[in-house]
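I'd like to go over a predicted model; first the sequence, then the structure.
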Amino acid sequence: MQNDYFIRDIDSVLNTWSRGKTRKPLLLRGARQVGKTSAIRALGRSFRHYVEINFDSDAEAGSFFSQNIDPVELSSRLSLYTRTPIIPGETLLFFDEIQSCIPAMKALRYFYENHPQQHLIAAGSLLEFALEEIPSFGVGRIHSVFMYPFSFYEFLGALGEGVLAEACRNAGPEKPLPEPVHKQLLDRLKIFLLIGGMPESVARYVQSRDLLHSGEVLEDLLTAFRDDFSKYRSKMSSLVLKEVFESVMHQAEGKFIYERAALETGNARVKQALDMLIMAGLAHPVTHSAANGIPLGAEINPKCRRIIP
């Protein structure tokens with residue numbers, strides 16, 4: 001951990017992008033609270049200058065994108081606004097919560113076309129919904145990367161168990177782990193399954209080694225996710241979304257059954273709500289495959305899916 005930041009797998013992806021001789025603006029996508037902003041800020045430490053614009057908390061910044069401005073001129077105005085130099089190759093420019101400023105999302109493509117030397121990353125919550133409002137968004141001009149919660153290996157790293165994580169990565173049928181080491185990993189895995197992979201929950205456990213404290217964080221996160229459902233109101237009833245979301249958690253052990261998801265709602269509406277939760281990164285489908293050969297997708301059964309939160 002450096003400066004209260006746990007090393008993530010996404011770091012190597014971001015570093016490779018930043019060192020590229022030619023690069024597109026990077027759009028970091030993923031569910032809320034998975035650590036997108038923290039990862040970008042960590043990357044920003046490797047630059048001489050770092051500029052962060054949060055369109056959710058700084059509505060005035062969005063006014064710079066209300067006109068068709070050349071990216072070079074736009075960078076100059078943002079530099080004046082933030083009192084920070086924006087110099088290609090020396091400054092990382094970060095647009096956070098970009099879904100709150102559709103004109104800024106549209107402007108990303110022009111950085112690639114007219115100002116490709118500038119390191120530019122954008123991130124936000126519920127991006128998939130905002131992207132629906134922009135036809136043919138940045139095709140071929142924007143590099144999208146998806147970020148997810150902590151993996152088990154990342155969790156081990158946060159615990160200071162990097163050696164154990166590396167041993168687990170290298171183990172296999174021909175090189176099994178010693179039984180005592182295997183037992184240690186199982187103990188860590190049980191903890192990981194209890195606290196989940198959300199960064200705040202992981203950080204709380206690393207600091208306190210208290211499962212109850214981590215559980216409190218998870219409850220707060222679930223409440224925040226449920227509160228977000230009001231943002232989908234124009235597309236779907238928040239009550240239906242809450243019912244389906246709760247059902248996803250209750251049915252995570254097996255095949256998802258639409259009839260059990262929302263008793264007074266038809267299957268078509270349940271499917272629509274489920275698709276929205278998947279778009280928001282709050283639900284993940286795992287489709288059954290007979291797996292008799294390669295490719296595995298040749299024998300998938302789309303009617304038999306497990307949905308995991």
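Happy to help now that I have it.

Just name the shakiest helix or strand of the protein by mean pLDDT.
Ranked by mean pLDDT, DSSP states H and E, the helix or strand of the chain with the weakest confidence is helix 127-131, at a mean of 74.

same for it, what does it pack against?
Other elements packing on helix 127-131 under the criterion 3 or more Cβ pairs under 8 Å, 6 or more residues apart in numbering; DSSP states H and E are strand 26-29, helix 102-114. Every residue, glycine included, has its C-beta placed from N, CA and C.

Point out the most buried one among these.
Comparing these on average neighbours per residue, with mean count of other Cβ atoms under 10 Å, the densest one is strand 26-29 at a mean of 23.

Flag the shaky bits of the stretch 101-250 of the chain, pLDDT-wise.
Along the stretch 101-250 of the chain, the model assigns pLDDT under 70 to residues 132-139, 233-234.

ok, which stretches of it are helices?
Using DSSP state H, counting those that start in this stretch, the helices of the stretch 101-250 of the chain run over residues 102-114, 127-131, 152-158, 162-170, 179-195, 199-208, 211-228, 238-250.

Distance to V51 added to those, as TSV?
What follows is the helices of the stretch 101-250 of the chain, written out as TSV (distance: least, Cβ to Cβ, whole Å):
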stretch	distance to V51
helix 102-114	13
helix 127-131	20
helix 152-158	28
helix 162-170	33
helix 179-195	34
helix 199-208	23
helix 211-228	27
helix 238-250	36
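
Which of those sits closest to R29?
Relative to R29, the nearest member of the helices of the stretch 101-250 of the chain by Cβ to Cβ is helix 127-131, separated by 5.3 Å.

what separates A158 from I191, distance-wise?
Distance of A158 to I191, given as Cβ to Cβ, to the nearest Å: 11 Å.

For G124, grab the count of nearby residues.
A count of neighbours around G124, defined by other Cβ atoms under 10 Å, yields 25.

and if you look at the one 4 residues further on?
E128 is surrounded by 13 other residues when neighbours are defined as other Cβ under 10 Å.

isn't it right up against M279?
Yes - E128 is within contact range of M279, at 4.2 Å (criterion: Cβ atoms under 8 Å).

Now do the domain split for the chain, please.
10-146, 149-228, 233-309 (automatic domain parsing).

looking at the ones you listed, which is closest to D4?
Using Cβ to Cβ and comparing those, the one that lies nearest D4 is domain 149-228, at 7.9 Å.

Next, the distance between the ends of that closest one.
With Cα to Cα, to the nearest Å as the measure, the first residue of domain 149-228 is 18 Å from its last.

Report pLDDT for the residue nearest to F129 when sequence neighbours are not counted.
Nearest residue to F129 in three dimensions, chain neighbours excluded: M279, at 6.7 Å (Cβ to Cβ, 6 or more residues apart in numbering). Taken from the predicted model, the pLDDT recorded for M279 is 84.
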